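Undergrad: From the sequence below, what's the structure:
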Amino acid sequence: PHPQPEKQGTFHRGSGLNLTSGQYTAPVAGYYTFTATLHIARREHQRKGQPCRGNRLRVLICVQSHCQHNSNLETASHLESGGDLFTISVTGVLYLQAGQYASVFVDNAAGSPLTVQSGSDFSAILLGV
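TA: Residues are numbered from 1 along each chain as shown. I've put the predicted structure just below:
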């Protein structure tokens with residue numbers, strides 16, 4: 001039997017995922033495929049006539065919270081004006097040592113507050129050592 005999910009609607013197998021911290025810790029060294037799909041809502045509209053500070057949104061999966069180094073996966077998207085809900089995904093393969101963790105970061109240059117909605121997901125699968 002598999003452990004019961006800690007939250008309703010969550011598929012959770014293995015001990016590497018910590019739902020409180022949002023981190024996946026590698027139980028063994030190896031190559032892992034990571035996927036994050038975030039549903040993001042813009043909470044307030046840009047006022048008409050107000051200069052746009054930017055509409056770029058980046059989502060990263062980083063190892064040990066080091067997003068500046070090469071140990072990350074990244075995708076960027078330009079948010080369309082007038083839309084309230086966006087879906088952005090990032091996927092790829094990272095090498096983790098045993099005990100290292102990976103987590104998802106959102107870099108918001110969109111100029112308005114954003115909220116990650118329920119139904120978003122983050123997964124890690126060991127490909128091989």
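Undergrad: any weak-confidence spans in the protein?
TA: 1-14, 44-54, 81-83 (pLDDT under 70).
Undergrad: Please repeat the previous calculation with a cut-off of 50.
TA: Applying pLDDT under 50 to the chain flags the ranges 1-5, 49-51.
Undergrad: burial count for the closest residue in space to Ser89 that isn't next to it in sequence?
TA: What sits nearest to Ser89 in space, not counting adjacent residues and going by C-beta to C-beta, 6 or more residues apart in numbering, is Thr37, at 4.4 Å. Where you see a C-beta, it was placed from the backbone N, CA and C, and this is true even at glycine. Neighbour count for Thr37, taken as other C-beta atoms under 10 Å: 16.
Undergrad: Test my guess that Thr37 contacts Val104.
TA: No. Here Thr37 lies out of contact with Val104, judged by C-beta atoms under 8 Å, at a distance of 10.0 Å.
Undergrad: Break down the chain into its strands, ranges please.
TA: Secondary structure of the chain by DSSP state E: the strands cover 17-18, 23-25, 30-42, 56-63, 72-78, 85-96, 101-109, 114-116, 121-128.
Undergrad: The fifth one pairs with which strands, parallel or anti?
TA: Pairing partners of strand 72-78, with direction, according to DSSP bridges: strand 56-63 (antiparallel).
Undergrad: In the partner strand, which residues are buried?
TA: Buried residues in strand 56-63, defined by neighbour count with 16 or more other C-beta atoms under 10 Å: Leu57, Arg58, Val59, Leu60, Ile61, Cys62, Val63.
Undergrad: Same question for stretch 100-115.
TA: For stretch 100-115, by 16+ other C-beta under 10 Å, it's Gln100, Tyr101, Ala102, Ser103, Val104, Ala110, Gly111, Leu114.
Undergrad: Next, the distance between the ends of it.
TA: Start and end residues of stretch 100-115 are separated by 27 Å (C-alpha to C-alpha, to the nearest Å).
Undergrad: List the contacts of that stretch.
TA: Stretch 100-115 is contacted from outside by 21-26, 32, 34, 36, 38, 40-46, 52-65, 67, 79, 90, 94, 96, 116, 122, 124, using C-beta atoms under 8 Å, 6 or more residues apart in numbering.
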